[in-house]
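# Below is the sequence, then the predicted model.
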Amino acid sequence: SSQTPLGTVYIRSNGIIESSTNATVPIQQNGNIYTLTDDLVVNAFVIQRGGITIEGAGYKIQGNSEYGIDLTTINQVTISNIQVEGFFYGIYLYQSSGNTITGNTLNYCGKGIEIINCTQNTITNNVITDNDFGLELVYTSENIFRNNQLDNNNNIAIYGIEFSHFNNDMDDSNTISGNKRVYYLIGKENLVINPQT
């Protein structure tokens with residue numbers, strides 16, 4: 001696989017793929033679909049265009065800097081089938097909505113998926129292992145989590161200052177360490193939680 005240092009890779013708002021080192025980026029663009037054709041070694045992969053799909057085709061985005069895939073104020077992007085490793089934030093969403101993060105593998109990051117001040121994103125079928133934190137949600141609501149597999153030092157952290165910040169849809173299809181189901185309870189009372197059942 002190519003190890004050409006690409007610096008920061010951008011998908012610009014006009015759809016152009018650029019690298020801060022002017023190296024050719026191994027991504028094939030077909031309309032709104034951007035497909036990796038090799039591993040990327042980057043400082044960050046910054047998405048500045050909404051309404052596109054980034055298809056990893058099983059390739060890897062790796063680095064050792066702060067942001068892996070950066071979705072800041074960008075909507076309606078699908079990120080799929082990418083291995084992301086070595087960043088402080090593997091996939092970073094900030095003030096973004098309507099994005100789909102599916103079928104990715106996040107390893108060896110500070111925080112696998114970080115979601116801050118976002119609504120209505122869908123996070124499904126990701127394998128999030130060997131990170132300090134798996135999922136971190138900050139002031140974030142109405143996001144959907146399904147079939148994510150977590151096995152990290154800390155798996156789920158949720159921060160908020162009002163009720164809506166905890167109003168996410170995370171069912172027991174999400175698991176920890178392979179067989180422990182996640183139960184995400186909001187506004188429940190008088191439940192009996194029995195580890196046996």
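Looks like it came in fine.
# name the element the residue nearest the centre of the chain belongs to?
What sits nearest the mean C-alpha location of the chain, by Cα atoms, centre = their mean, is Ile91, with 3.6 Å. Here Ile91 is covered by strand 89-94, with elements defined by DSSP states H and E.
# what's the average pLDDT for that strand?
For strand 89-94, mean pLDDT rounds to 98.
# do the same with stretch 141-149
97.
# Could I have the CA atoms of it written out in CSV?
Provided in CSV are the C-alpha atoms of stretch 141-149 (Å, rounded to 0.1, in the frame of the first residue of the first chain):
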residue,chain,number,x,y,z
SER,A,141,-29.7,14.3,20.5
GLU,A,142,-31.9,12.2,18.2
ASN,A,143,-29.0,10.1,16.9
ILE,A,144,-29.6,6.4,16.1
PHE,A,145,-27.2,3.7,17.2
ARG,A,146,-27.6,0.1,15.9
ASN,A,147,-25.4,-3.0,15.8
ASN,A,148,-22.2,-1.4,16.9
GLN,A,149,-19.6,-3.6,18.6
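# what about the chain, any weak spots by pLDDT?
Residue ranges of the chain with pLDDT under 70: 1-4, 197.
# same thing but 80
For the chain, applying pLDDT under 80 flags the ranges 1-5, 195-197.
# sec struct for the residue lying farthest from the centre of the chain, please.
Most distant from the centre of the chain: Asn190, at 34.3 Å, with distances by Cα atoms, centre = their mean. Assigned by DSSP: H, G, I helix; E, B strand; the rest coil, the conformation of Asn190 is coil.
# Let me know how buried Thr37 is, in neighbour terms.
Neighbour count for Thr37, taken as other Cβ atoms under 10 Å: 12. For the C-beta atoms, the positions are set from N, CA and C on the backbone; glycine is no exception.
# whoops, I mixed them up, Ile74
The number of residues packed near Ile74 is 23, by other Cβ under 10 Å.
# wait, it sits on Arg49?
Yes - using Cβ atoms under 8 Å, Ile74 is in contact with Arg49, at 7.2 Å.
# before we move on, back to that, how near is the residue farthest from the centre of the chain to Arg181?
21 Å (Cβ to Cβ, to the nearest Å).
# quick one: the helices in this protein?
Under the criterion DSSP state H, the chain contains no helices.
# outside of the strand holding Ile91, which residues touch it?
66-73, 79, 84, 99, 101, 104, 106, 109-118, 121, 131 (Cβ atoms under 8 Å, 6 or more residues apart in numbering).
# so how far is stretch 84-102 off the chain centroid?
Offset of stretch 84-102 from its chain centre (Cα atoms, centre = their mean, to the nearest Å): 3 Å.
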